[in-house]
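Undergrad: Turn this into a structure:
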Amino acid sequence: MLKGLPLSQRLYGHPLARMARDIDLLVAPRTFQAAERVLLENGWRRVVPSFPETPTRNRWYRRFRHEHVLGFLV
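TA: From the prediction side, this is the model:
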């Protein structure tokens, strides 16, 4: 599956020809908390999941879902 820069390269001949609306990061589960902490410390805020965090809720969510959405607040 192509998306992001490789898709832009293939469709338009240059990886930066399309405007990016999001950034996908793939991190190993063992490094997730550290990666999220770096993003949160630099202005990003969690959008999904939207529930108040507790260790139990986070464990449940990570068991069934593997996507977290963060938005940058300006």
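Undergrad: pLDDT score for the residue nearest to residue 3 when sequence neighbours are not counted?
TA: Excluding the flanking residues, the one nearest residue 3 by Cβ to Cβ, 6 or more residues apart in numbering is residue 24, at 7.6 Å. Where you see a C-beta, it was placed from the backbone N, CA and C, and this is true even at glycine. If you check residue 24, the pLDDT there is 77.
Undergrad: quick one: residue 24 and residue 7 touch, right?
TA: No - checked against Cβ atoms under 8 Å, the pair residue 24 and residue 7 is beyond contact range at 11.9 Å.
Undergrad: Between the two, point out the one with more neighbours.
TA: Neighbours were counted for residue 24 and for residue 7 using other Cβ atoms under 10 Å; residue 7 has more, 13 against 8.
Undergrad: Residue 14 is in contact with the more buried one, correct?
TA: No - assessed by Cβ under 8 Å, residue 7 is found out of contact with residue 14, at 11.5 Å.
Undergrad: Contacts for the strand or helix carrying residue 62 next, please.
TA: Using DSSP states H and E, the element containing residue 62 is helix 55-64. Applying Cβ atoms under 8 Å, 6 or more residues apart in numbering, the contact partners of helix 55-64 are 29, 49, 51.
Undergrad: From those residues, pick the one nearest residue 42.
TA: residue 49 (20.3 Å; Cβ to Cβ).
Undergrad: which non-adjacent residue is nearest that closest one?
TA: That would be residue 61: by Cβ to Cβ, 6+ apart, it lies 5.2 Å from residue 49.
Undergrad: got it, and residue 65?
TA: Leaving aside its chain neighbours, residue 65 sits nearest to residue 49 (7.3 Å; criterion: Cβ to Cβ, 6+ apart).
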